[in-house]
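S.K.: starting from these lines, generate the structure:
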Amino acid sequence: MILFPNCKINLGLHILRRRDDGFHDLETVFYPLPLEDALEVITAEENIFSHSGLEIPGDATDNLCNKAYSLLKTDYPQLPPVHIHLHKHIPIGAGLGGGSADGAFALKLLNAKYNLGLPEEKLEAYAARLGSDCPFFIRNRPCFATGRGEIMEPWDVDLSGYSFLLVHPGIHVNTGWAFGRLTPGQPAVSLREVDWKDVRSWKGVLTNDFEGPVFSEYPAIRNIKEKMYRAGAVYATMSGSGSAVVGIFEKCQWPEAVWEPHYRVFQL
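M.R.: This is a model prediction of the structure:
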């Protein structure tokens, strides 16, 4: 069985306070985009994890797909050994949630393939144990998220009438470093107060707190956002803590911009 984990972008991201457990309370709107990895699971004689496409850093035992299997195996010992293969296409360390998507989709895939009968709410609970962004990918619909990102409610924002340009400059922004450069606090405009029906009103109102320190440290990322606006973007933002930048354009009106040769550019 094969599924295709997709990425997400953050439409607005405010870091409100540091919590006693070391995490941060935030508010953001998660929005799914059709930039995808491929994830396959087959029954095997022993557990195997393999991958292709982009290089995946770190030990395979730390991959969220393997962790998803281990979580379910503890509670559902009837799960057989499996061979998990991940073809990695979503840029890594880009603020797009690709790794979180892979882990969440692994839960969904195992649930479906082996008829575990887990409802969405139970899958979200497992996903929350994998990582803060993971529960979103169980729903995979626009959500207003609070807490660490795991407390979600459906959100009425529809961008199906627009096209997206996603540019990843290959810069890795350390998330811990980025959090360390922020001063949490209440935003000038809460995301609940944004006019979500009027995309053209978002510029300068719908903000990402990480852009300040990240743009200061990595001007190339700021330049991508500015270039998108010069090219006619209705709205542009860095996603998460970076370094991917996404521009929203009128349907199929992607710019004729020239980017650095090593940048990865996606028209969605």
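
S.K.: buried residues in stretch 145-163?
M.R.: Neighbour counts using 16 or more other CB atoms under 10 Å place 145, 146, 147, 148, 149, 150, 152, 155, 159, 162, 163 of stretch 145-163 among the buried residues. C-beta here means a position set from N, CA and C on the backbone, and glycine is covered the same way.

S.K.: from these, which is closest to residue 256?
M.R.: Closest approach to residue 256 among the buried residues of stretch 145-163 (CB to CB): residue 163, at 14.0 Å.

S.K.: in contact with that closest one, which residues?
M.R.: With contact taken as CB atoms under 8 Å, 6 or more residues apart in numbering, residue 163 is in contact with 248, 249, 250, 251, 252, 253, 254, 267, 268.

S.K.: repeat that for residue 123.
M.R.: Counting by CB under 8 Å, 6+ apart, residue 123 makes contact with 104, 107, 108, 111, 138.

S.K.: ranking the residues you listed by neighbours, who comes first?
M.R.: Of all the contacts of residue 123, residue 104 has the most neighbours under the rule other CB atoms under 10 Å, reaching 31 neighbours.

S.K.: surely it and residue 5 touch.
M.R.: Yes. If you go by CB atoms under 8 Å, residue 104 and residue 5 touch, sitting 7.3 Å apart.

S.K.: joint contacts of these two?
M.R.: Contacts common to residue 104 and residue 5, judged by CB under 8 Å, 6+ apart, are residue 137.

S.K.: picking that back up, from the buried residues of stretch 145-163, which land in strands?
M.R.: Taking DSSP state E, the ones among those that sit in strands are 145, 146, 152, 162, 163.

S.K.: in CSV, list the residues you listed along with distance to residue 51 and pLDDT.
M.R.: Shown next, in CSV, are those (distance: CB to CB, whole Å; pLDDT from 0 to 100):
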residue, distance to residue 51, pLDDT
145, 28, 95
146, 33, 93
152, 29, 94
162, 32, 97
163, 30, 97
